[in-house]
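Engineer: next come a sequence and a model predicted from it.
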Amino acid sequence: MTIRDIITYPDPFLREPTHKVEVIDDEIQRLIEDMSETMYAEPGVGLAANQVGSDHSVLLYDVSPREEGPNPTALINPEIVEKEGSQLSENEGCLSVPDFRADVKRYAQIRVRALDRNGEPLDFRTDGFESIVLQHEIDHLRGILFIDRISALKRQLYKRRRKKELRQV
């Protein structure tokens, strides 16, 4: 297992939609293991494959209490098939959008279809924090960042600050 580098904004790779996984092979299993190592090392609660340089439609998340220990869930080719209501994701952040947090409007409940890491079909409904995390990570797989879901003014302020930070490095 390897801790991979997190790709950060404004890297254009984050804007590229991922590709559907056709075969769950050793490469995909290794990707999931590396993503797990990386997510816990950061520490984060979710990670999409394109955040670590892979164009596969794979995400990993863990919303269990930290004191219970790691309990990662991998989803392959996830898609939101139903959505309803709305909720405010307060102070949402992202490993690929460093040093920025914002309130984001998300759906209150979603229904997700995906494959687990063994290729078994999953179809489940979720709400609350898990719903927010899944919407955030599925957005990543589609090339969408959470800053795309905030006001244009806040987004511009972040972009300017980030460009200034990168010039100073």
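Structural biologist: Cool, the structure landed. Residues are numbered from 1 along each chain as shown.

Engineer: from now on I want contacts and neighbour counts done on CA atoms only, so please keep to that.
Structural biologist: Fine.

Engineer: distance from the chain centre to stretch 6-20, please.
Structural biologist: Distance of stretch 6-20 from its chain centroid, counting by Cα atoms, centre = their mean, to the nearest Å, is 11 Å.

Engineer: spell out for me which residue occupies the centre of the protein.
Structural biologist: Glu137 (2.5 Å; Cα atoms, centre = their mean).

Engineer: in its sheet, which strands sit next to the longest strand belonging to the chain, and in what direction?
Structural biologist: In the chain, taking DSSP state E as the definition, the longest strand is strand 73-84. Looking at strand 73-84 with DSSP bridges, its partner strands are strand 58-61 (antiparallel), strand 109-115 (antiparallel).

Engineer: so after that strand, what's the next helix or strand?
Structural biologist: Next in sequence after strand 73-84, counting helices and strands by DSSP states H and E, comes strand 87-94.

Engineer: so what secondary structure elements neighbour that next one?
Structural biologist: Strand 87-94 sits against strand 97-106, with contacts defined as 3 or more Cα pairs under 8 Å, 6 or more residues apart in numbering; DSSP states H and E.

Engineer: quick one, the strand it packs on and strand 73-84 angle?
Structural biologist: Counting by axes from the mean of the first three to the mean of the last three Cα atoms, to 10 degrees, strand 97-106 lies at 40 degrees to strand 73-84.

Engineer: and strand 97-106, how far out from the chain middle?
Structural biologist: Strand 97-106 sits 13 Å away from the centroid of its parent chain (Cα atoms, centre = their mean).

Engineer: strand partners of it, parallel vs antiparallel please.
Structural biologist: Assessed with DSSP bridges, strand 97-106 is paired to strand 87-94 (antiparallel).

Engineer: buried sites along the partner strand?
Structural biologist: Residues of strand 87-94 classed as buried: 87, 89, 92-94 (neighbour count, 16 or more other Cα atoms under 10 Å).

Engineer: okay if I get the residues you listed as CSV plus distance to Arg161?
Structural biologist: Output for those, formatted as CSV (distance: Cα to Cα, whole Å):
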residue, distance to Arg161
Gln87, 28
Ser89, 23
Glu92, 18
Gly93, 16
Cys94, 16
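
Engineer: I am finished for the moment; much appreciated.
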